[in-house]
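Peer 1: based on what follows, work out the 3D shape:
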Amino acid sequence: MARLKLTILLPLYHNPDKNGKRKKIIGREFLDTYKELIKKFGGCTVDPHTLSGGWINPDTGIEVTDELTVYWILYKNTKENIKFLKKYKKVLKMRFKQDDIMMYSVSITQF
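Peer 2: Residues are numbered from 1 along each chain as shown. Now for the predicted structure:
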């Protein structure tokens, strides 16, 4: 069965509030995510380096700049896992108070 590597880009700040302020995400959100991924997939890697990135929200046309951390997991390409990850993305959007969370997979060969 094919194995995939999932990359999840998680923001270090919540989206701006009604006053335009961005609150730093404190850590519980990251710890909960890490533990959930370990429990579900048996492993998770966190990149300790902060990345900078940006995107234009297609719904609002507003450019958003973020500081991000990266989580990686390996998983089997099953309908159950794909269904879980689609639901989990919604959980992460609420947990991190984001319009969207970038998640993508690539096929890998594991040695």
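
Peer 1: just the helices in this protein please.
Peer 2: In the chain, the helices defined using DSSP state H lie at 28-41, 79-95.

Peer 1: closest one to residue 67 among the ones you listed?
Peer 2: Nearest to residue 67, of all these, is helix 28-41, at 13.1 Å by Cβ to Cβ. From N, CA and C alone the C-beta is placed, and that goes for glycine too.

Peer 1: who does that closest one touch, helix- and strand-wise?
Peer 2: On a contact count with 3 or more Cβ pairs under 8 Å, 6 or more residues apart in numbering; DSSP states H and E, helix 28-41 meets strand 3-11, strand 63-76, helix 79-95.

Peer 1: can I get those in JSON lines including mean neighbour count and distance to residue 33?
Peer 2: Formatted as JSON lines, the helices and strands packed on helix 28-41 follow (neighbours: other Cβ atoms under 10 Å; distance: least, Cβ to Cβ, whole Å):
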{"stretch": "strand 3-11", "mean neighbour count": "18", "distance to residue 33": "7"}
{"stretch": "strand 63-76", "mean neighbour count": "16", "distance to residue 33": "7"}
{"stretch": "helix 79-95", "mean neighbour count": "14", "distance to residue 33": "7"}
